[in-house]
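Visitor: This is a predicted model, with the sequence first.
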Amino acid sequence: MTGKEMLEGLISEQTVSFISSVDENGFPNTKAMLPPCKRDGIKTFYWHTNTSSIRTKQYLKNPKACIYFCNGPAFKGVMLLGAMEVIDDMKVKKEIWKDGFTMYYPEGINDPDFILLKFTAKSGRYYGDLNTGNFEID
């Protein structure tokens, strides 16, 4: 198993993900989220969220972001650094939409409070089995 496969497995197993943004005073803000609703390996991740959320406003002002996935009992985790985009493209929304999302967006896919966050990773840091290391993502 390659390091990338191990990281993909760690991420896939988690039921919670953490996303961080930068507020107007330059401080990090971290929020627990559901797992990404779509991803491409360890490079690209999508979450659905509310257009009206604080995080959405912060990413529009400053796209610098960090995401984190961890297996607490095994004391393993991966942090990814990159940029978060706010996506309001209907084509992408249709690809990601699931019927259960109406719990959050009662008006369905056209709900004005339904928006997507797209994170693109540039680098990361892993911790596990008493080892740690930085890595770049192409």
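Guide: Okay, I see it.
Visitor: can you point me to the longest strand in the chain?
Guide: strand 114-128 (DSSP state E).
Visitor: buried residues in it?
Guide: 114-121, 124, 126, 128 (16 or more other Cβ atoms under 10 Å). C-beta here means a position set from N, CA and C on the backbone, and glycine is covered the same way.
Visitor: pLDDT of the helix or strand just after that strand, averaged?
Guide: Once the chain leaves strand 114-128, the next helix or strand it forms, by DSSP states H and E, is strand 131-136. Regarding strand 131-136, the rounded mean pLDDT is 92.
Visitor: Who does strand 131-136 pair with, and is each partner parallel or antiparallel?
Guide: Applying DSSP bridges, strand 131-136 is found paired with strand 114-128 (antiparallel).
Visitor: Run the chain-centre distance for the strand it pairs with.
Guide: Distance of strand 114-128 from its chain centroid, counting by Cα atoms, centre = their mean, to the nearest Å, is 5 Å.
Visitor: go on, stretch 98-106?
Guide: 19 Å.
Visitor: now stretch 65-79
Guide: What separates the centre of stretch 65-79 from the centre of its chain is 12 Å, taken as Cα atoms, centre = their mean.
Visitor: Any buried residues in that stretch, and which?
Guide: Neighbour counts using 16+ other Cβ under 10 Å place 65-70, 76-79 of stretch 65-79 among the buried residues.
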